[in-house]
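K.L.:
Pasting the sequence and the predicted model now:
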Amino acid sequence: MLRGAVDVTALVFLREGGARFKLDAAVVRVMGGRAQHDPHALEAGGVLVGRHIRGSRDVVVDLVTEPMPGDRQSRYSFHRSQKPHQRFLDEIWRTSRKTCVYLGEWHTHPERHPSPSSVDLADWRKRLVKDQVDSESMFFVIVGQVETAAWEGFRGTGRLARLEAVQHAPT
């Protein structure tokens, strides 16, 4: 992650079929600020909020929530409280004229190159079944100490696909 960098760029990942999943530079800054570089830093996380780009299969994450009251954090886990994040989502959906929507979840890991734990995988698969989204897929991002990784989960099958980071797009 670009800790302390002044010129943080967006991150772009390649989805199956050639579409892109983009984390806006402001989102990369927020999530990178929560990276667990300190040995006592707690896991952090929240929801991904953004847009499905009309006329394409591209998806852009414009905003993320950060830990809120009711969330539970430890060095090796983050459990998001439903209500405060949902209130944020409802407000953004309303003020964006229904264009910014819930896209998925993000959290940090205290490792250089993050990979999902068995708890993460179970949570993601549960969300693919239970969370209400107007899309065939959801996205999951883990911010490590050096790398940020992303996965796309498919609602019909529960399959998870790691997305390839293809570029650091200029801001």
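P.N.:
Great, that's in hand.

K.L.:
State which strand of the chain is the longest.
P.N.:
strand 160-169 (DSSP state E).

K.L.:
So which bits of it are buried?
P.N.:
Burial within strand 160-169, assessed by neighbour count using 16 or more other CB atoms under 10 Å, is assigned to 160, 163, 165. The way it works is simple: take the backbone N, C-alpha and C, and place the C-beta from them, glycine included.

K.L.:
Can you list the low-confidence ranges for the chain?
P.N.:
1-7, 168-171 (pLDDT under 70).

K.L.:
where do the strands sit along it?
P.N.:
With DSSP E as the criterion, the chain has strands at 10-14, 20-23, 45-52, 59-64, 72-74, 77-79, 101-108, 137-143, 148-154, 160-169.

K.L.:
So which elements touch the first one?
P.N.:
The contact analysis (3 or more CB pairs under 8 Å, 6 or more residues apart in numbering; DSSP states H and E) places strand 10-14 against strand 20-23, helix 25-32, strand 148-154, strand 160-169.

K.L.:
Packing partners of the third one?
P.N.:
For strand 148-154, the contact count by 3+ CB pairs under 8 Å, 6+ apart identifies strand 10-14, strand 20-23, helix 25-32, helix 118-130, strand 137-143, strand 160-169 as packing neighbours.

K.L.:
Ok, which of those comes nearest A41?
P.N.:
The closest of the helices and strands packed on strand 148-154 to A41 is strand 137-143. By CB to CB, the value is 11.3 Å.

K.L.:
residues contacting P67?
P.N.:
44-46, 73, 78 (CB atoms under 8 Å, 6 or more residues apart in numbering).

K.L.:
Okay, now the sheet partners of the longest strand of the chain, with direction.
P.N.:
strand 10-14 (antiparallel), strand 148-154 (antiparallel) (DSSP bridges).
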